[in-house]
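A.B. asks: sharing a model that was predicted from the sequence below.
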Amino acid sequence: MKLYELATVLRSKSAGPFLNTMDIFFDRDEPYKRVRDSGVLTKELIAKLYKIRPEDVRGIYFVDQARGIKITVPKPSNVASGDPQCRDLYGASFYIPLLDVDIP
Amino acid sequence: MKEEVCVLSTAMMGDSLFEENTWREGLNQNPDVIVAQGTSSDSGPAYLATDALYGGSLAIKRGLRKIILSAKEKGIPFIMSTGAPSGGNQQLEKVLGWVDELAKETDIKLRIAVIPGELDKEYLKEKLRKGSRMRRVVDVERLPEYLSEKDIDESEHIVAQMGPEPIMAALDLGVDGVITGRALDIALHMAVPLKEGFDKGLAAHMGKTIECSSLVTVPETTDAVVAILKKDHFLVMPTNPKSRCTTISVAAHAFYERPDPTLELNPGGALDLSGAKYEQYDDRTVKVSGSRWIPKPYTVKVEGAKKVGFRTICVLGIRDERMIRQIDWCTEQARKHVEAHLLPLEPTKDYELLFRMYGKNGVLGEVEPVKETRSHELGVIVEAIAPREELAENVCELAGRKLLHMDYPGRIATAGNIAHPYSPTANNLGPVYTWNIWHLLDLEDPCEPFATEVRQFG
């Protein structure tokens, strides 16, 4: 299944002007654990989707008590929020590349 | 020590309607303090560099009226940060002017402790000269690792995000309330609980939970929320009778706009939520415990914005699919045309030309997974940035005009290629800014840079 079919909330936002952070929440334990335990959400995959190096992925966190997953990455091309070349001040559209990730 | 502290939390950023019925619900909980956060760096450096206000004057005035008059009525203090969003002195003074108008109009006298968050450049430079090393908050190449006097000079304005200590001290001055400039959101919520001797980890986590008011409820509304802090836990509940707090909605808020969901650095310590426990206390209330404060050396985040040039934009639409299919080729021709025109005059090419193509990859840029546009029309913003406004204007005009009359392979309409919604077609948007200071200042005295002034209104 696609990640968007399993998640209840899939969102992104700036975490300060230099980082984007993506949050994924689930309404039940089953889909949450399915995604968490799938091994799909790796630094390598995130790097590929966000056009960065795996070592630049700031963190992938699984928080069981919130049934939530957080992924934090640098903003693309070293462009900060509000910079002249900025495309998305609040980073609110950067969840899009995650929607279609296949989860076995 | 008191048994509990009750905090009524709202926001001053223009979202809240302060609907009377739900606001009353909050006041009926007999809060010890009304708190409203109203500063943020999220909206970008331009707000700090200029006197621009975010959220609109009408919304801020509405918030001031509700919060100040309700606090007066209940005989409790209010604590708010304002001057949205940057919390710079120019914005803060505008808001204080409205506080005075409100006091005069409603015929009340107000004694308010005002704590600006803006820093004097000389103060910061003196810190450096005395050996202070200010390290960047985030390791990104575009920020200098350590701050220099040059960076300070280049900033238009500089603010620091105060912690709870200056607010705690201000509450002792016999005032009706405290109004700050740039502040850490949770500093506002923590001030009263810390004065009363409550646990710092819980007070900080309570602040985190209610700082954006009803973002922590389902459904989300713009109403205030209430938190009750006790010795070893806190309770959080909505004021809107139709909303609930659930363990998930509360736990999830710890994710909001922060890089790490379980650990966050704050002035004087880190908030560790790895052992936090969320329980459904009743249908609409969540009980939170297990939050931990890890003491660290005291630092405040310093933010500065510098000017990097001027911007001119031309907004245009393209409807012909023949041109849309070849849009990358077309923009490349426009770019070459500008270069050819300006090369004799501007050999250093001291400008930037951007084509923002909405309908193709305008939002996500290089991260866009869809490679071929499927749109029958494209919205394009031709944008030029240059050190001088005249140059930005010329770059934008030349590029826009070339797109209008360019001959491309397969072209059928030879009179003009694009639809201009505006005349003039190119418009100057003024200076552009960037964050150039995002650094940590070590402080022995958390109050040192924040001079409190007690002011009378009305």
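C.D. replies: That came in fine, so what should we check first? Numbers count the residues shown, from 1 in each chain, chains lettered A, B, ... in the order given.
A.B. asks: residues of the stretch 151-300 of chain B that sit close to chain A?
C.D. replies: Within reach of chain A by C-beta under 8 Å from any C-beta of the partner chain, the stretch 151-300 of chain B has these residues: B:247-248, B:251-252, B:254-262, B:276-278. Just so you know, the C-beta spots here come from the backbone N, C-alpha and C atoms, and that holds for glycine as well.
A.B. asks: separate out the buried members of those residues.
C.D. replies: Buried members of these, scored by 16 or more other C-beta atoms under 10 Å in any protein chain shown, are B:247-248, B:251-252, B:254-262, B:276, B:278.
A.B. asks: residue in chain A with the shortest distance to chain B?
C.D. replies: Per C-beta to the nearest C-beta, residue A:82 is where chain A lies closest to chain B, at 2.6 Å.
A.B. asks: wait, that residue touches residue B:48, no?
C.D. replies: No - the pair residue A:82 / residue B:48 is not scored as a contact, 9.4 Å apart, by C-beta atoms under 8 Å.
A.B. asks: these two: who's more crowded?
C.D. replies: More neighbours surround residue B:48 than the other of residue A:82 and residue B:48, with 31 against 23 (other C-beta atoms under 10 Å in any protein chain shown).
A.B. asks: centre-most residue in chain A?
C.D. replies: residue A:22 (3.5 Å; C-alpha atoms, centre = their mean).
A.B. asks: at the contact with chain A, which residues of the stretch 351-458 of chain B appear?
C.D. replies: B:352, B:354, B:356, B:362-367, B:369, B:385, B:432-435, B:438.
A.B. asks: circling back to that earlier point, helices - which of the buried ones among the residues of the stretch 151-300 of chain B next to chain A land there?
C.D. replies: Among these, the ones falling in helices (DSSP state H) are B:247-248, B:251-252.
A.B. asks: now for the residues you listed, which pair is the farthest apart?
C.D. replies: By the measure C-beta to C-beta, B:247 and B:252 form the most distant pair in those, at 9.3 Å.
A.B. asks: follow-up on the earlier one: ok, and the closest non-adjacent residue to the residue of chain A closest to chain B?
C.D. replies: residue B:44 (2.6 Å; C-beta to C-beta, 6 or more residues apart in numbering or on different chains).
A.B. asks: hang on, that neighbour packs against residue A:81?
C.D. replies: Yes - using C-beta under 8 Å, residue B:44 is in contact with residue A:81, at 5.5 Å.
A.B. asks: name the residues contacting each of residue A:82 and residue B:48.
C.D. replies: The contact sets of residue A:82 and residue B:48 overlap at residue B:433 (C-beta atoms under 8 Å, 6 or more residues apart in numbering or on different chains).
A.B. asks: for residue B:190, list the residues it contacts.
C.D. replies: The contact partners of residue B:190, taken as C-beta under 8 Å, 6+ apart, are B:164, B:200, B:203-204, B:206-207.
A.B. asks: cutoff 10 Å now
C.D. replies: The contact partners of residue B:190, by C-beta atoms under 10 Å, 6 or more residues apart in numbering or on different chains, come to B:7, B:35, B:79, B:163-165, B:167-168, B:184, B:198, B:200, B:202-208, B:229, B:266.
A.B. asks: any idea of the pLDDT on it?
C.D. replies: We have a pLDDT of 98 for residue B:190.
A.B. asks: quick check: it is in a strand.
C.D. replies: No - the assignment for residue B:190, made by DSSP: H, G, I helix; E, B strand; the rest coil, is helix rather than a strand.
A.B. asks: measure it to residue B:6 for me?
C.D. replies: Plainly put, residue B:190 is 14 Å away from residue B:6 if you go by C-beta to C-beta, to the nearest Å.
A.B. asks: ok, residue A:34 next?
C.D. replies: Distance, residue A:34 to residue B:6, using C-beta to C-beta: 41 Å.
A.B. asks: and the helices in the stretch 151-300 of chain B?
C.D. replies: B:164-171, B:185-195, B:200-210, B:247-253 (DSSP state H, counting those that start in this stretch).
A.B. asks: format those as TSV; extra columns: distance to residue B:444.
C.D. replies: Output for these, formatted as TSV (distance: least, C-beta to C-beta, whole Å):
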stretch	distance to residue B:444
helix B:164-171	12
helix B:185-195	18
helix B:200-210	19
helix B:247-253	33
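A.B. asks: compare these and say which comes out lowest on pLDDT.
C.D. replies: Mean pLDDT values for the helices of the stretch 151-300 of chain B show the minimum at helix B:247-253, a mean of 92.
A.B. asks: against which helices or strands is that one packed?
C.D. replies: For helix B:247-253, the elements it packs on are strand A:9-14, strand A:19-25, strand A:68-74, helix B:200-210, strand B:234-238, strand B:277-282, strand B:285-289, judged by 3 or more C-beta pairs under 10 Å, 6 or more residues apart in numbering or on different chains; DSSP states H and E.
A.B. asks: point me to the residue of the stretch 251-400 of chain B nearest chain A.
C.D. replies: The stretch 251-400 of chain B approaches chain A most closely through residue B:251 (3.5 Å), counting by C-beta to the nearest C-beta.
A.B. asks: confidence score at residue B:380?
C.D. replies: According to the model, residue B:380 scores 98 on pLDDT.
A.B. asks: how about the helix or strand hosting it as CSV, C-alpha atoms only?
C.D. replies: Residue B:380 is located in strand B:378-386, with elements delineated by DSSP states H and E. What follows is strand B:378-386, C-alpha atoms only, in CSV (Å, rounded to 0.1, in the frame of the first residue of the first chain):
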residue,chain,number,x,y,z
LEU,B,378,1.2,27.6,-16.7
GLY,B,379,1.5,30.5,-14.3
VAL,B,380,5.0,32.0,-14.3
ILE,B,381,6.6,34.5,-12.1
VAL,B,382,9.7,36.0,-13.7
GLU,B,383,11.8,37.3,-10.9
ALA,B,384,15.0,39.3,-10.8
ILE,B,385,17.1,40.0,-7.8
ALA,B,386,20.0,42.4,-8.0
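A.B. asks: which is the succeeding secondary structure element to it?
C.D. replies: helix B:389-405.
A.B. asks: buried residues in that next one?
C.D. replies: For helix B:389-405, using 16+ other C-beta under 10 Å, the buried residues are B:389, B:391-404.
A.B. asks: tell me what the strand or helix carrying residue B:432 is packed against?
C.D. replies: If you go by DSSP H and E, residue B:432 is part of strand B:426-442. Contacts defined by 3+ C-beta pairs under 10 Å, 6+ apart place strand B:426-442 against helix B:46-49, helix B:121-129, strand B:135-136, helix B:149-154, strand B:155-160, strand B:299-318, strand B:378-386, helix B:389-405.
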